[in-house]
Structure formats: C-alpha cells, structure tokens
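J.: sequence unknown, structure follows:
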Ligand code: SF4
Ligand code: SF4
C-alpha cells in the first residue's frame, strides 16, 4: 500500500498577518510560515496506518520556497520519502494551480491512498483534496477520521449532521481530507530533523502546469471590529444589578 | 585429619571460591562500564579526596537522618576494625601461636559491641519504625546481611574466647589466659569455664564453630555481596570519589555525545551511571525527598535506579534487552520528575538520578512521545522563543507601562544586561512585578538594558524536558544576540535562565558574569543605593531549586530579606533541603496525572506550621505563580501572602508600587 500525504505551509497565526493596507495584498515574505495543522494530522494518520500495516508513506509539498523544513520534519516523524514539486510556484500560488500540479504528479506516479488535511487556514473550504480527486477521477471524502486498511479497501469514519457517525468504505485509489488523526500528532525533535537534513534527500520532481481557471483575489482586509465590551464598575451589588438588567434588556432571562 | 587442617583447607577453598565468584561478578560489571559512554571524573583531585573523606569517615550526608546515620556509622566503622580481626584470626590459624595482642584485641571487642548495637538499631528501624523510604526496597536482603554481620561478630567473640582452651588440642601451643582488657573474650572464657566447656574436645568444637561463624561466613558474605544491595560495601567509596565535581547546575557537560543525550540502552549510560546502579544501597533517602513521590505520582528516584539495575542484571544473564525509556522505566515515571535535584542532594553515595531521567526523556522525545501541552510549548519555543504561544514581538511589551524607557542593549552599551525570561516578560500576573524590578534598578541608578525581542527562552527547561537540539538552537540564538551587546554583567530574576546562562552555555564558550537579582540587590544595598525602612513582618523563604540546590545561592536572598527588616523564620525543609514547588523540568506545562496532593500545596502547609508567619517570600517568577495558586487552592488566602523579594525591597525603599503588589498591607 502506497500512501501519499499532501502538505502545505501556511502563515503562522501566532504572529500577525502582514497586509499592505493600500493594495490589500498579503505580504508573504514578511510572514513566517508553519506546516498547516490539519496536514500534521494527515501525516500522523498515515504514520499510524503505516504502523498497523506496513504501508509506505510519501509526503509531498508544492515547492513554494520554504517547504524543506516541513518535509524533513515529516521524515523525522517516520515518513519514508519526501517529494517537492517544482515549477512556477510561490507562496501566492492558488490552490487550484497546486491541485493541478499534484494531479499531474500522481498521474505519473500512482498511489493507493492520498491523504490531506481537510482544510488549511488559506483553504478553509478544503478545495485541494476535492480538486485532486476530481482531476484524477478518484473517489473522495472530506472531514474524515479513523482511516484503516482492509485488504485493498479503505475504511474510514465521517460525521454526518446531528452527530451521526458513518463508517464508509472505498476501493483504492481514493483521496481523503483528514479532520483529525486518531492520536495527537507526534513530536519531531530538533536533533532528529537535523539528522534527516544530513542523511536524506528531498526528491525534486519538475511539473509543468498549464493555464488553469482561477479566481482573482482582489484585496484582503482585516475584519472591522463590531461592537465593543462594556466594563462594569462598582461593588458586587451594583455589578450584579447591571448584569441582570443587561440580560433582561436582551431578553436572555425570563421573568 | 586434624581439626586445624580441616579449618585451613576450608579457609583456602572457600576463599578461592568466593574470590572467584566475586571477581567474575566484578569483571562482568567492568565489561558493561567499559562499553558505556565516557565521562571525565578525574578533575579537581584534591577536592575530590577531601570531600570523599568527609562523606565517608564523617558520614556527612548519612547523618542527615540522625538515627540511621549513627547506626550505620557503628556498622561501617566495625567493618574497618574487623579487618584487623580477619587478618589476626587467619594468621592465628596458619601461624601457630600468633596473636594480635591485647590492645588490638580490646579494640576489636569494643567494635563487636558497637556493631551489635548498630545491628539491633537497624532491625528496630526496619521492623518497628518502618520508614516509608524503604517501600520498594529488598527487605529480605537487608535482613540476610544483618544476620550475616551478627554471625560474624558473634563468631569473633566465640573463637577468641575458646582460644586459650583450644590452643593445645588444636594448635599444639600453649596460650596465656585472656587478659581483662579483651573484656568480651575474657568474660566469655570465664563463662565457658563455669559451664565446664574447657575440656579439649569441647574447646576445639567451640573454637571451630566460632571460627566458622567468623571467617567462613565472611567468605560467604564476599560471594553474596555482589548479588545484593550490599555491593555498596565495595563501591560506595569509589562512587563517592568519582562523583560529579563540575558545577551542579550543568546537566550536560561538554563534550556532548555526538549521537545526542538520549538513553535508550545500557550502552548509552556513562560508566559512572552504570556504577551508580550497582552502588545504590536501597536506603530510599532519595524517595523520601522526592516531590513527585510525595505528590503520589508513579515516580521514585530509588525505583528508577533499582529498575535499571534489575534490567541490567537480566540482560547480563542473557535476557533480551528491553528499551530503557518507556520499557524498563515507564513514561509516567519519567515525565513526573521536576528535575529538582533533591534526590541527588540526599543520596549518601552520590548517585546521579537527574541526568539518567533526562536522558531517557530524550529517548522518548525522539520517538515523538511527549505530553501534548508540553509539546505545544516546545513548538512555541522553536517558533517564537517563548512558552506562552505569543508573538516574539510582544516580548518587551511589559516595558510599556514604565515612565522611563529601558535601554536597548543591542544598540547601546550598558553596565547590566537584564535577561528577563519568559514568565516575567509574558505572564500578565507577573508583569507588574517585572516593572517593579525595573523601577528598583532605576531608583538605584543602575545603567541597564534588555535585549527586547532579541531575547529567547534560555532553553533550560527545554533541555530538562530532554530536547537537547531545541536547547542548543535557543542557546545559539541568545548567544548571537549577547555577542552583539556590550555589557559588564548579566542580571536575571529567573533562576532557570540563570542556570542556563551560568552553567549550560559554557559548552559554547560563554563565560560572562551572571548574577541573580537577590545577589545584585544585596550589592546595591551595600553600596548605599537604597534608603530602607524596616518592614517589621514575619516571613519564611522558599529556596527555588534552580537558585539553591543547583546554584548554591542560599545566602543572598536571606541577606536581602533581613536587610529590609523582615523577621525570617525557616521552614523545616530549607536551603539545600528545600522542597520543590513542582514546576521545574517542564512539569509546569504538563498535565497533572496521578497527583494526590500538589507539592506546592504541601509546601504552603509546611509554611503554615510556623508561628506567626504571615508572608511566604519567593525569588523566582514561576514560584510567584505556583504558590499564589497553592495558597488559593488550600484556602489560605487570609493567612499567608506570597510575595517576591523585589516587592519587599520596593516597599522598604518606599517606591510607589501598584496596589495589588503592596506586600505588607
Ligand atoms: S529530581 Fe526531584 S522530582 Fe526528580 S526524581 Fe529527583 S527528587 Fe524526584
Ligand atoms: S539512589 Fe542513593 S539515596 Fe536513593 S536509595 Fe539508592 S543509595 Fe539511597
């Protein structure tokens, strides 16, 4: 069983997003990038599957200029190979184009199971796994947990409305968007990542991507703060009174 | 065959057999030590010798528990004295007519009594007092050894007392009757006479039985020792001699093993670590002082040593090797350690628990195993250089509320460079305090500066979590910034940063002077920089592990407390015996598993036993957080106030300080 995990790096939300207020452009070069949290879960799920059933795990990233550390980290965690797709890409490359590049690569290099984070902070609607599946004509499921192999079929869970859990099965190859791994993602120690940098290589694969239909981002803007907090002063009595009156005003209590 | 020939033959055969068993065992242990990692233990020879002497002959650490120390001193000194007897008795058997003489004879008799008293005390301790620290130790082994020792010393008295009567039938020489100086043998020989056991046959049997109980049991003892905790009879003194003499706070000395600090198998231990395992006496003194153990967690430093020793014995006997981290020693045990060092301070034979624990943590970490909240902190340190998951840029934000701006030490030279640390910089509960320290420095007209967002966490805790690579990365970042700055001295409020700067950065060639704020403030007071009015309160002081035990700074905080007119009352456990707050070694970020009573809560209760003490003084930002929470959770808000020494100083110096910090109100 060959598993491919799609990973990407995203701006670190702990630091501030840097925006050129006038042009409304994100200043990618001034931000720090970190592996997308959901992709970490996809990597973890793949490694857990590998531990159960001897699968071979490859991690892949579109080379947007800063992905080496992320790929070496995945290798340090236990992935078998890491692939960097090279071509005309940078941090602003659209998800549509990334999906196309990945699809080209997978057409030439078939895998049985393709995992990706269900979403990323710059792909909230989880387009990448869905588009890759579509472009390759493979089955696809999103918001998936608990992926297990059963012969050449794949079993997994998906949550339906009302908290209903479904267990689904699919033939391979299949593309799954992982919501959360069975266990929290493991830690990769700095020493081990460094050791990987010395002892292993990232495979670089050149892909040419034709013109694809894309949306244009006209501008980014920060949310305008709506409403404000009211600080309630006074002693306990007064504060309690004010709280009660607010709750009443907004019809939040009866009587 | 004559009785004498039988005894001689038995002595020789048993000696050879025991010697063979003994040497084989030592040879095996030596082989393991030879394959383990190197560590330099031949530095500072003079100091080594004197301290070995003090620990061995004056029983310094042993006597910290008076009762056990005294009884052990009796038995231990008995071993030295009984060597005289071994030589004397064997010579007597082989050289007819030989005698050690009345003076040595008397000394032997005195020690026979002392050893017996020691043995009785030991049995009383094991059987009646039953200290908790013995829990998990091999008690049977303890009794077997006490039994053998009793046999040996009684045997001495018996064969000595029968000797005058047995001299002719066994040795064919005449012997003078025993003088009264050898009081024990003298008294017993009279007893035999009254009982009528002086005829050749009876006397020969008596002598032979006594000799067998003495010398032959000693050979059995010799063969048994290497399989028991009593190997310490041979290893304790060498182990004390090769103890760590480098600064206590340096966890990982240079050169760092190329393959990293992780301990996965016995080959990853240093030879001293291996020797530690065989030296452990199972006395449980380490267990008795361990905060994790006291909290009810799975950890006991003694059990870690014993588990490792058992596993090594099994492996040497041909068993399949089991991974040490997470196998022989469980993850729960390893992660429960606060790296407080109380175990190492208590161990009478200078066993080093903490490096082993951290080494095994490093192995777990390399396999990706770590508490998930702690993992977030590691990632935060790696990305933003702090444990609060806050942007790097916000590090100097606490300076905003100050009237006078603080110099940027990266841009202009300063006298003191203040290494602020994560907690003092980011924790909203502590920022007021951090500003207060700045105001104190400004009041004293100190020329100081900080590194602003150029400072990263010192890496002290990362290292103790087992993440050496991250520690190194953080150290390199800080060192690069320190390199840019011009300063005469580093000043820090945080003992953890202090420890890293003072002891762990040495491996990268860093050796600038570093002072804790308590030391620096005492200097300023000496220099007349503050006008102090006595506070007139009664307080106790908690020694932070990384200030006290690991850096031996005990006096400066006490001096400071006294200078501001505070009546200092010590808690039962203070100074080097201080009891950890439970936050160190990364514990502060980990989930509290299996904790029945938090160490910090226990500590607050300890302080509350002191008459009239209203304030609990600390000298570490983490302690402010830990103990304030502990006072609240034990419901003692009205009775005890947690204050930082800086608050006391500010108050005594009449600084206008924020209301919530006013210590004496
Ligand atoms: S360092 Fe402290 S917590 Fe860790 S084992 Fe020793 S005594 Fe226990
Ligand atoms: S490690 Fe030291 S203190 Fe602990 S049981 Fe062994 S000898 Fe005693």
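T.: The structure has been received and is ready for your questions. Bear in mind the structure is a predicted one, so any value in this text is a computation, not a measurement. Ligands and ions are numbered 1, 2, ... in the order given.
J.: And the next helix or strand past the longest strand along chain A?
T.: Scanning chain A for the longest strand, with DSSP state E as the assignment, gives strand A:140-150. Sequence-wise, the next helix or strand downstream of strand A:140-150 (DSSP states H and E) is strand A:153-159.
J.: Tell me the helix or strand right after that following strand.
T.: For strand A:153-159, the following helix or strand on the C-terminal side (DSSP H and E) is strand A:165-171.
J.: Would whatever helix or strand comes next after that next one count as contacting chain B?
T.: Going down the chain from strand A:165-171, the next helix or strand is strand A:174-180, by DSSP H and E. No - Strand A:174-180 stays clear of chain B (C-beta under 8 Å from any C-beta of the partner chain), getting no nearer than 12.9 Å. Where you see a C-beta, it was placed from the backbone N, CA and C, and this is true even at glycine.
J.: Give me the buried stretch members for the very next helix or strand once past strand A:174-180, please.
T.: Next helix or strand after strand A:174-180 toward the C-terminus (DSSP H and E): helix A:190-199. Under the neighbour-count criterion of 16 or more other C-beta atoms under 10 Å in any protein chain shown, helix A:190-199 has A:190-193, A:195-197 buried.
J.: quick one: the helix or strand where residue B:481 lies to helix A:190-199, angle?
T.: Using DSSP H and E, residue B:481 maps to helix B:468-484. If you take axes from the mean of the first three to the mean of the last three C-alpha atoms, to 10 degrees, helix B:468-484 sits at 90 degrees to helix A:190-199.
J.: Report the buried residues of helix B:468-484.
T.: In helix B:468-484, counting by 16+ other C-beta under 10 Å, buried: B:468-475, B:477-478, B:481-482.
J.: Listing partners with orientation, what would you give for the longest strand of chain A?
T.: Sheet pairing here is set by DSSP bridges, and for strand A:140-150 it gives strand A:153-159 (antiparallel), strand A:174-180 (parallel).
J.: now what about the last one, what contacts it?
T.: Put plainly, it is strand A:174-180. Identification of contacts with strand A:174-180 by C-beta atoms under 8 Å, 6 or more residues apart in numbering or on different chains yields A:38, A:41-42, A:45, A:113-119, A:126, A:129-130, A:132-133, A:136, A:138-145, A:147, A:154, A:156, A:159.
J.: hang on, residue A:63 packs against residue A:82?
T.: No - counting by C-beta atoms under 8 Å, residue A:82 is not a contact partner of residue A:63; they are 11.2 Å apart.
J.: quick one: which of those two has more around it?
T.: residue A:82 (25 against 22; other C-beta atoms under 10 Å in any protein chain shown).
J.: can you pull the contacts of the residue lying closest to the more buried one once chain neighbours are set aside?
T.: Distances taken as C-beta to C-beta, 6 or more residues apart in numbering or on different chains put residue A:71 closest to residue A:82, at 4.0 Å, once the chain neighbours are dropped. Taking C-beta under 8 Å, 6+ apart, we find residue A:71 in contact with A:7, A:59, A:61, A:82, A:84, A:202.
J.: out of those, which is most surrounded?
T.: Neighbour max across the contacts of residue A:71 (other C-beta under 10 Å) = residue A:59, 30 neighbours.
J.: That one in helix, strand or coil?
T.: The three-state assignment at residue A:59 reads strand, by DSSP: H, G, I helix; E, B strand; the rest coil.
J.: Quick check: bridge partners of it?
T.: Beta-bridge partners, per DSSP bridges, of residue A:59: residue A:5, residue A:82.
J.: List the contacts of it.
T.: By C-beta under 8 Å, 6+ apart, the contact list for residue A:59 reads A:4-5, A:7, A:43, A:71, A:74-75, A:79, A:81-83.
J.: Need the max-distance pair from the residues you listed.
T.: The largest separation in those, counting by C-beta to C-beta, is between A:4 and A:75 at 14.3 Å.
J.: Closest to residue B:58 out of the buried residues of helix A:190-199?
T.: Nearest member of the buried residues of helix A:190-199 to residue B:58, counting by C-beta to C-beta, is residue A:191, at 43.4 Å.
J.: check contacts around that closest one.
T.: Residue A:191 neighbours (C-beta under 8 Å, 6+ apart): B:260, B:366, B:468-469.
J.: now residue A:167
T.: Here residue A:167 is in contact with A:155-157 (C-beta under 8 Å, 6+ apart).
J.: one more time with 7 Å, if that's ok
T.: A:155, A:157 (C-beta atoms under 7 Å, 6 or more residues apart in numbering or on different chains).
J.: what's the longest helix in the chain?
T.: Defaulting to chain A. In chain A, with assignment by DSSP state H, the single longest helix is helix A:37-53.
J.: I was after chain B.
T.: Taking DSSP H as the criterion, chain B has its longest helix at helix B:3-35.
J.: Residues touching the very next helix or strand once past that helix, excluding its own?
T.: As assigned by DSSP H and E, the chain's next helix or strand after helix B:3-35 is helix B:45-57. Helix B:45-57 has contacts (C-beta under 7 Å, 6+ apart) with B:60-61, B:237, B:240-241, B:245.
J.: buried residues in helix B:45-57?
T.: For helix B:45-57, the neighbour count (16+ other C-beta under 10 Å) marks B:48, B:51-52, B:55-56 as buried.
J.: cool, stretch A:159-170 as well?
T.: residue A:170.
J.: now swap in stretch B:147-154 and tell me
T.: Neighbour-count burial for stretch B:147-154 [16+ other C-beta under 10 Å]: B:148-154.
J.: which of the buried residues of helix B:468-484 are close to chain A?
T.: Residues of those in contact with chain A (C-beta under 7 Å from any C-beta of the partner chain): B:468-470, B:473.
J.: Make JSON lines out of these and add distance to ligand 2.
T.: Listed next are these as JSON lines, based on distance: C-beta to the nearest ligand atom, whole Å:
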{"residue": "B:468", "distance to ligand 2": "24"}
{"residue": "B:469", "distance to ligand 2": "29"}
{"residue": "B:470", "distance to ligand 2": "29"}
{"residue": "B:473", "distance to ligand 2": "33"}
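J.: could you redo those residues as CSV and give each row distance to residue B:404?
T.: Shown next, in CSV, are those (distance: C-beta to C-beta, whole Å):
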residue, distance to residue B:404
B:468, 40
B:469, 40
B:470, 36
B:473, 34
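J.: Many thanks, have a good one.
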